[in-house]
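Chemist: sharing a model prediction with you, sequence too.
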Amino acid sequence: LALAPVAAPPASVDGFVREFLRNLNFERGVALSSSAPNDRYMALAYTVRDYLMARWLEDQARQRELQAKGVCYLSAEYLLGRQLDNNLLAARLTEVATEAMVACGIDIDELRQQEVEPGLGNGGLGRLAACFIDSLATMSVPSIGYGIRYEYGIFRQTFVDGQQVEQPDAWLTLGSPWEFPHPEAAQKIFFGGHTEKTTDEQGVETTTWVPGWHVLAVPYNYMVPGYHNGRVNTLRLWRAVASNAFDLRIFNSGDYEEAVRAQTFAENISKVLYPEDSTPQGKELRLQQQYFFVAASIADFLDHQLSADFDLENLPERVIFQLNDTHPVIAVPEFMRVLVDERGMEWDAAWAITQKCFAYTCHTLLPEALEVWPVDLLGRLLPRHLEIIYRINEEFLLEVRERFGDDELRIRNMSIISENPRSVRMAYLATVAGAKVNGVAELHSQLLREKVLPDFDEFYPGKFTNVTNGVTPRRFVRLANPGLAGLITEALGAGWTVDLERLRGLEAFAEDPEFRVKFAEVKRANKRILSDVLRERDGFVLNEDHLLDVMVKRLHEYKRQMLKLLHIVTEYEGIVSGRVEASSVQPRTFIFGAKAAPGYAMAKRIIHLINAVGSVVNDDPRVEGRLKVLFPPNYNVTLAERVIPAADLSEQISLAGKEASGTGNMKFALNGALTIGTDDGANVEIRELVGDDNFFLFGMTEPEVEALWAKGYKPAEFYQADSGLRRAIDLIASGAFSDGDRSVFEPVVSNLLYDDRFMVLADYSSYIAEQAKVDAAYGDQDAWTRASILNVARTGFFSSDRSIRDYIDRIWHTPPIL
Ligand code: 26W
């Protein structure tokens, strides 16, 4: 009997229906007539899986056979978004599945709505990881994504009296059809205990780690299908499970309650995603999460991805571990521990290999976002790793002395260990260990070299590089904006989805009046779709004739949602004070989407203020409905896919030098929104590409920001100098948005007047002036549409496929395997 390899079901409507019903009956155990929507969604998802399965198994086998160099992408976050449509699209099954559902009398849209998106990330960094694994699969690069299967993803945001209230994100309650658990491939992960030194007869000293406890890391595999290339890569997320042995010891002592407690303790490790984005809390459980997933991933790679006779000396020709920010950096001492303690390699040989097998991406410039771990905490949880870090640091500082002499200040500044309190600077460790260090936009990479790590740049010439971020055109154009996608394909043919520079071809169409009409119709239709979504979801009414002005991103002071709000209050104040005729105001709807870290008090107050301003402005008859502020709660990938294609104006207004890159800015431009933005992050590159005429620039440049700090920034002087600003701030301070209670938003007001770390007031007047230009420009709809088409045509550079190509050329050297 020949064992036939698994085959995909026939890709016909009939074949699809049969497979679907089989899944419904045999996997869900229900008849179509008695099935719930969730049963039908699950069966549909299983059916899509079945079509991808043969390719997945093949690709896993091939990856092991070829032993070609590949990427292990280590990321604590993957903000995946819904999977169904993406996987249907990749497998070319969208039409067949749609017709099959019609044949079964099922509304496929209803099934789409069943899927709870896996929100296993906070924002930009997590979504970038999701875009990258999509591009890696689409470009046939050998790769695995490793991460954590959080039981609870980013919290669900609700508003109570305009204030954020967090709800747990129980995304797994109804089960996820996309994951494949493999308990048999679990890895044991050890923690705590102490180290012991022994010296043999030859006087060679060895260290052994005697850990205190361990948990099991159980892998859950997810398919990552490439777009139309028949390739399926793997995302492997780890779940913490208590080990039996652990429990038994306690059970035998008769302490049942303690045993259950121990189990809970172990399983806490993958329980919940930390919702802090940019301000690390230094919590021990977070370090446990970080070590847990990187230790499991390294062991998994060495155990399961390498051929049995693999010579570890050759690892640099076989793998590169990409560190997505500092969160996985504890992988560096772990890798050394495995090579030296477990595999018996000499320290120097192991270190030489390590320095070729890791690379580090930095995603921030905020000093408070750079992770450091107190030495006592790290030493308690991972005593052997702390020793290894000390030794890495010692040898590194010796080299520094050799190069620069005994320059103690420099030595102290470059030390991986900082003093008071003694702690490990994870970004420095990553920089010392990494073959390459990259920032995520040109400006960011430059500031990283010049301002954050200048000594390291001098010490390691050639180590620093840039890879500008990108976004996947499959999810953020093809799927999110089918109208635009259709129009592009009509104009340019179908190849653009995997070769986004082809969008350049649209430049010519920008001059074609008929094309502009069609393009404007698509934007209008997208507003209609968004309007339906917001009505259904939040009971909001969206006026489709308004200029749609959108600011969606995490709530953070550096991103300056306050600046947007001051613009809105200024417009409102102009009308109610009678200085501006309501009928002369360009009708606009402002949409906000933003989650605040639960412990970030100022961010939460700003959320409260946005809602408060919204309810006053929206209900004031004097405004005649020409200004509307909508703040749908729980902004996530699913909502982004509806909001971005409908937007006219994209707000990218961070203080220059603070936003590492931004990726929302790219999604908006690719969907034809014009940007109002500062010279920050990837805005710089967007503006260079689309041209000054098609971009609304305002605000200080980064050097101007620095100069103002140097000179001494006094926000109150800007308040005094600008009457519009004064009136806007005074209106907030007066209690106009808090039923006359001046205390509610007092902290926001005094923060602006007396602190204003992100120079909101300094950029206010230039922002307001530029917004006036936006209003004027929107008055000429045809010219606006032309600029909008040019934004699409000229931003193909921001495909994450291009980012991955840059990573391959500059860092990974992992050619695609076709
Ligand atoms: C808890 C500590 C912490 C620190 C930093 C958590 C998360 C972070 C991330 C680095 C924050 C983040 O998502 N950064 C964003 O990364 C995007 C992808 O590169 C960039 O586009 C954004 O500009 C950057 O803010």
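Modeler: On my side now, so go ahead.

Chemist: which residues touch residue 143?
Modeler: 70, 71, 72, 73, 133, 136, 137, 233, 814 (Cβ atoms under 8 Å, 6 or more residues apart in numbering). No exception for glycine: its C-beta is placed from N, CA and C like everyone else's.

Chemist: how about the contacts made by the closest residue to the first one other than its chain neighbours?
Modeler: Across the structure, with Cβ to Cβ, 6 or more residues apart in numbering as the measure, the residue nearest residue 70 apart from its sequence neighbours is residue 142 (3.3 Å). Contact criterion Cβ under 8 Å, 6+ apart gives 63, 66, 68, 69, 70, 71, 814, 817 as the residues in contact with residue 142.

Chemist: and the lengthiest helix in the chain, how far out from the chain's middle?
Modeler: The residue-count maximum for a helix in the chain (DSSP state H) belongs to helix 37-66. Chain-centre distance of helix 37-66: 25 Å, with Cα atoms, centre = their mean, to the nearest Å.

Chemist: buried stuff in that helix?
Modeler: 38-56, 59-60, 63 (16 or more other Cβ atoms under 10 Å).

Chemist: which of the contacts of residue 142 fall within helices?
Modeler: Using DSSP H, the contacts of residue 142 in helices are 63, 66.

Chemist: show me which residues of the stretch 401-550 of the chain sit near the ligand.
Modeler: Neighbours of the ligand within the stretch 401-550 of the chain, by Cβ under 6 Å from any ligand atom: 440, 469.

Chemist: and the helices in the stretch 401-550 of the chain?
Modeler: Per DSSP state H, counting those that start in this stretch, the stretch 401-550 of the chain carries helices over the ranges 408-414, 426-433, 442-447, 454-459, 473, 482-492, 506-509, 513-538.

Chemist: for the contacts of residue 143, which one is nearest residue 452?
Modeler: Closest approach between those and residue 452, by Cβ to Cβ: residue 73, at 23.0 Å.

Chemist: state the pLDDT value of the residue of the stretch 451-600 of the chain at minimum distance from the ligand.
Modeler: Across the stretch 451-600 of the chain, no residue is closer to the ligand than residue 469, which sits at 5.1 Å (Cβ to the nearest ligand atom). Per-residue pLDDT puts residue 469 at 98.

Chemist: now swap in residue 247 and tell me
Modeler: Per-residue pLDDT puts residue 247 at 60.

Chemist: what sits against residue 736?
Modeler: residue 616.

Chemist: that one: what secondary structure?
Modeler: Using DSSP: H, G, I helix; E, B strand; the rest coil, the secondary structure recorded for residue 736 is coil.

Chemist: look up phi and psi at it.
Modeler: The phi/psi pair for residue 736 (degrees, to the nearest 10) reads phi -60, psi -20.

Chemist: and residue 212, by the same measure?
Modeler: phi -90, psi -30.

Chemist: count the neighbours of the closest residue to residue 167 other than its chain neighbours for me.
Modeler: Of all residues not flanking residue 167 in the chain, residue 156 sits nearest, at 4.2 Å (Cβ to Cβ, 6+ apart). Per other Cβ atoms under 10 Å, the neighbour tally for residue 156 reads 19.

Chemist: residue 156 against residue 635, yeah?
Modeler: No. Using Cβ atoms under 8 Å, residue 156 makes no contact with residue 635, being 10.9 Å away.

Chemist: does stretch 646-655 come close to the ligand?
Modeler: No. Figure legend: stretch 646-655 not in contact with the ligand (Cβ under 6 Å from any ligand atom); closest approach 8.1 Å.

Chemist: from the chain's centroid, how far away is that stretch?
Modeler: With Cα atoms, centre = their mean, you get 18 Å for stretch 646-655.

Chemist: CA atoms only: put that stretch into CSV for me.
Modeler: Extracted in CSV, the C-alpha atoms of stretch 646-655 (Å, rounded to 0.1, in the frame of the first residue of the first chain):
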residue,chain,number,x,y,z
ALA,A,646,-12.6,55.7,4.2
ALA,A,647,-10.2,58.4,5.4
ASP,A,648,-9.6,61.7,3.6
LEU,A,649,-7.0,63.0,6.0
SER,A,650,-4.4,61.1,8.0
GLU,A,651,-3.1,62.7,11.2
GLN,A,652,0.6,61.9,11.9
ILE,A,653,1.4,64.7,14.3
SER,A,654,4.0,63.4,16.7
LEU,A,655,6.7,65.7,18.0
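
Chemist: and it, average pLDDT?
Modeler: 99.

Chemist: ditto for stretch 473-488
Modeler: 98.

Chemist: do me a favour and get the end-to-end distance for that stretch?
Modeler: The straight-line separation of the ends of stretch 473-488 (Cα to Cα, to the nearest Å) is 12 Å.

Chemist: go on, stretch 403-417?
Modeler: With Cα to Cα as the measure, stretch 403-417 spans 19 Å from end to end.

Chemist: who's in contact with that stretch?
Modeler: 375, 389-390, 392-393, 396-397, 400-401, 419, 423-425, 428-429, 432, 455-456, 459.

Chemist: among those, name the buried ones.
Modeler: 375, 389-390, 392-393, 396-397, 400, 423-425, 428-429, 432, 455-456, 459.

Chemist: pull the number of nearby residues for the closest residue in space to residue 434 that isn't next to it in sequence.
Modeler: Excluding its sequence neighbours, the residue lying closest to residue 434 (Cβ to Cβ, 6+ apart) is residue 360, at 4.0 Å. Using other Cβ under 10 Å, residue 360 has 27 other residues around it.

Chemist: ok, the one 5 residues further on next?
Modeler: The criterion is other Cβ under 10 Å. On that basis, residue 365 has 22 neighbouring residues.

Chemist: same check on residue 362?
Modeler: 25.

Chemist: what does residue 672 give?
Modeler: 28.

Chemist: so who does residue 200 touch?
Modeler: So residue 200 contacts residue 206 (Cβ under 8 Å, 6+ apart).

Chemist: could I get the phi/psi values of residue 228?
Modeler: phi 50, psi 20.

Chemist: need the helix or strand of the chain with the lowest average pLDDT.
Modeler: When the helices and strands of the chain are scored by mean pLDDT, DSSP states H and E, helix 244-252 comes last with a mean of 64.

Chemist: which helices and strands does the helix or strand just after that one pack with?
Modeler: Next helix or strand after helix 244-252 toward the C-terminus (DSSP states H and E): helix 256-267. In terms of contacts (3 or more Cβ pairs under 8 Å, 6 or more residues apart in numbering; DSSP states H and E), helix 256-267 is packed against strand 213-225, strand 232-241, helix 244-252.
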